[in-house]
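Asks: here are the coordinates; sequence isn't available:
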């Protein structure tokens, strides 16, 4: 292994441990643990959202997808960004005004129903586990390639690091690891893009012309349709991307780390600018890799294209840039999985244990203790699952997580805030219909069954045609919530009046 | 927060929220928000889905505009510009919502919604 790689790798480990040490000293109450005491500023939380959101799948996956599939790779970049308009206009502020630690808190500001809380916790845990397995398996494979160490050691390193951050430093450590990662990642993106552009004398048109002859696709490379040739499949995927973000538990949880709705808003603005610039730059990474590394070089290192960005760094900046980008990729993974552990732990410890089992009769100290046990449990479970999943093709789990978030969480969030008649039964059915249909449909889809061995989880013919079932499961989530509501006589307009006033004014009785 | 204390979310409210919801001030805030958020949301969703729909069902965006850069790319980058523009407009707009909300808190909620 290159000594520069080792030094940068250790520097990131050391830096994040120092952050955790200081965070641990400040983590005393449950509020500190879950939400950093609500004391983050708008730009801090904005960068942390970017750090939480921009996973290795975004950084390495999209760069690879653009390098190999041209325009079609860029679809992800667009969907992942526009999703923030849904967050900004419809979700962030009411969520901040109504919730405390978790999504279930926000829904339960309207219904004091254990089954609704349980259903929301279940969908949170499902999303977290799927997203986490995809991240950890990807991380294991990637670190194996970058640092030349066995898969299981790679998974263990990432697993132990994320556990340490969350267990000792809670949300404060997680936030600052995410902020650090966001800054490093943006620096890496800007450096690579700058060098690529410099090679074309900052003439973007020349880059487009060059890339036309760089790949086996020829001029088609610049046109849509190389990867996504099925119209409904493309639209379904785009639907999951744009609506999923506003239902992702680890992103929603970030809005509780700021003091009010105005700060929540300004953090979405910072996040949207950062994330938008990031996704624009994926274009230069993708084209750069197609031109300077070449299709065969990218595919030889990793058939999924995940090595495109690091290989491009090596091709245009030598060993030092390669080492830096590898270290950035490592930091990227750590920040995302830490956020996932924390949101999974909050669903177990706060929703299921604290509110459902103990009925809210739990002291601060007990809450923090439960949160730590839950964090440990979530970490161990995901490490074990990821070690077992090494040879499985789990890349589809990321878009599945977005699909579940869009189908199970977004309908219930929107109904809770905006629909007067909505009731307990509707909330339960919205979550269960969205979650259930997403899971059932994907288990019959080409992501799980493929006639070609190794292309999906199992060999066989898919019954359901769409890779990502959002086009069907999102409407089912909304329909479930609607039917569940109208078939139940229950309603509470008085309670809704309170929710509506609080959601729109941020007023809380002290 | 140092002492152990029981966390209990359910407590009786002293505020008459139904009265606040019915007040003209609150209704005005809701109307102002609705007038902005609903059309904006419809607009950005339509703008967004027009891209995959037009690339999936047609090839008319594959026409070059500037050198080898086609309309599809221009439309794709326009999505980014649209996002940033809506963000900026919303921030301005939301500041006026904040003022209205603060008025409601001050004039009604802190008096128990009885005014």
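Replies: In hand now; what should we look at? Since the structure is predicted, the reported quantities are computational estimates derived from the model, not experimental observations.

Asks: next, count neighbours for residue B:49.
Replies: Look at residue B:49: counted by other Cβ atoms under 10 Å in any protein chain shown, it has 15 neighbours. To be clear about C-beta, it is placed using only N, CA and C from the backbone, and glycine gets the same treatment.

Asks: hang on, it in a strand?
Replies: No - counting by DSSP: H, G, I helix; E, B strand; the rest coil, residue B:49 is not found in a strand; it is helix.

Asks: that one against residue A:235, yeah?
Replies: Yes - look at residue B:49 against residue A:235 with Cβ atoms under 8 Å: they come within range, at 6.9 Å.

Asks: strands of chain A, residue ranges please.
Replies: A:449-450, A:458-459 (DSSP state E).

Asks: so which elements touch the first one?
Replies: When you say that, I think you mean strand A:449-450. Contact partners of strand A:449-450 among helices and strands, from 3 or more Cβ pairs under 8 Å, 6 or more residues apart in numbering or on different chains; DSSP states H and E: strand A:458-459.

Asks: show the average pLDDT along the strand it packs on.
Replies: Across strand A:458-459, pLDDT averages out at 86.

Asks: which residues are contacting it?
Replies: Under the criterion Cβ atoms under 8 Å, 6 or more residues apart in numbering or on different chains, residues A:448-453 lie in contact with strand A:458-459.

Asks: which of these sits closest to chain B?
Replies: Nearest to chain B among the contacts of strand A:458-459 is residue A:450, at 22.1 Å by Cβ to the nearest Cβ.

Asks: which residue is the nearest non-sequential neighbour of that closest one?
Replies: residue A:456 (3.6 Å; Cβ to Cβ, 6 or more residues apart in numbering or on different chains).

Asks: packing partners for the longest helix along chain B?
Replies: In chain B, taking DSSP state H as the definition, the longest helix is helix B:71-107. Applying 3+ Cβ pairs under 8 Å, 6+ apart, we find helix B:71-107 packed against helix A:71-86, helix A:261-292, helix A:493-505, helix B:24-57.

Asks: buried residues in the first one, which are they?
Replies: Neighbour-count burial for helix A:71-86, counted by 16 or more other Cβ atoms under 10 Å in any protein chain shown, picks out A:71-86.

Asks: circling back: out of the strands of chain A, deepest packed?
Replies: Mean neighbour count (mean count of other Cβ atoms under 10 Å in any protein chain shown) peaks for strand A:449-450 among the strands of chain A, with a mean of 18.

Asks: among the helices and strands packed on helix B:71-107, which comes closest to residue A:33?
Replies: When the helices and strands packed on helix B:71-107 are compared by Cβ to Cβ, helix A:261-292 sits nearest residue A:33, at 19.6 Å.

Asks: got the angle between the closest one and helix A:71-86?
Replies: 170 degrees (axes from the mean of the first three to the mean of the last three Cα atoms, to 10 degrees).

Asks: can you tell if helix A:261-292 touches chain B?
Replies: Yes - part of helix A:261-292 sits near chain B under the criterion Cβ under 8 Å from any Cβ of the partner chain, namely A:262, A:265-266, A:268-269, A:272-273, A:276, A:279-280.

Asks: which one (most neighbours) among those residues?
Replies: Neighbour max across these (other Cβ under 10 Å) = residue A:268, 28 neighbours.

Asks: thinking that residue is in contact with residue A:85, fair?
Replies: No - using Cβ under 8 Å, residue A:268 is not in contact with residue A:85; the gap is 9.2 Å.

Asks: can you list residues touching both of those two?
Replies: Common neighbours of residue A:268 and residue A:85, using Cβ under 8 Å, 6+ apart, are residue B:87.

Asks: which bits of the stretch 351-500 of chain A sit near chain B?
Replies: Proximity of the stretch 351-500 of chain A to chain B (Cβ under 8 Å from any Cβ) is limited to residues A:354-355, A:360-367, A:493-494, A:497-498, A:500.

Asks: greatest separation within those residues: which pair is it?
Replies: Distance extremes for these: the farthest pair is A:365 and A:493 at 38.8 Å, using Cβ to Cβ.

Asks: follow-up on the earlier one: and the residues of the stretch 351-500 of chain A next to chain B, which are buried?
Replies: When these are checked for burial by 16+ other Cβ under 10 Å, the buried set is A:354-355, A:362, A:364, A:366-367, A:497-498, A:500.

Asks: pipe these into JSON lines and attach distance to residue A:382 and pLDDT per row.
Replies: Shown next, in JSON lines, are these (distance: Cβ to Cβ, whole Å; pLDDT from 0 to 100):
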{"residue": "A:354", "distance to residue A:382": "21", "pLDDT": "91"}
{"residue": "A:355", "distance to residue A:382": "23", "pLDDT": "91"}
{"residue": "A:362", "distance to residue A:382": "25", "pLDDT": "90"}
{"residue": "A:364", "distance to residue A:382": "27", "pLDDT": "88"}
{"residue": "A:366", "distance to residue A:382": "24", "pLDDT": "91"}
{"residue": "A:367", "distance to residue A:382": "22", "pLDDT": "91"}
{"residue": "A:497", "distance to residue A:382": "41", "pLDDT": "93"}
{"residue": "A:498", "distance to residue A:382": "38", "pLDDT": "92"}
{"residue": "A:500", "distance to residue A:382": "38", "pLDDT": "94"}
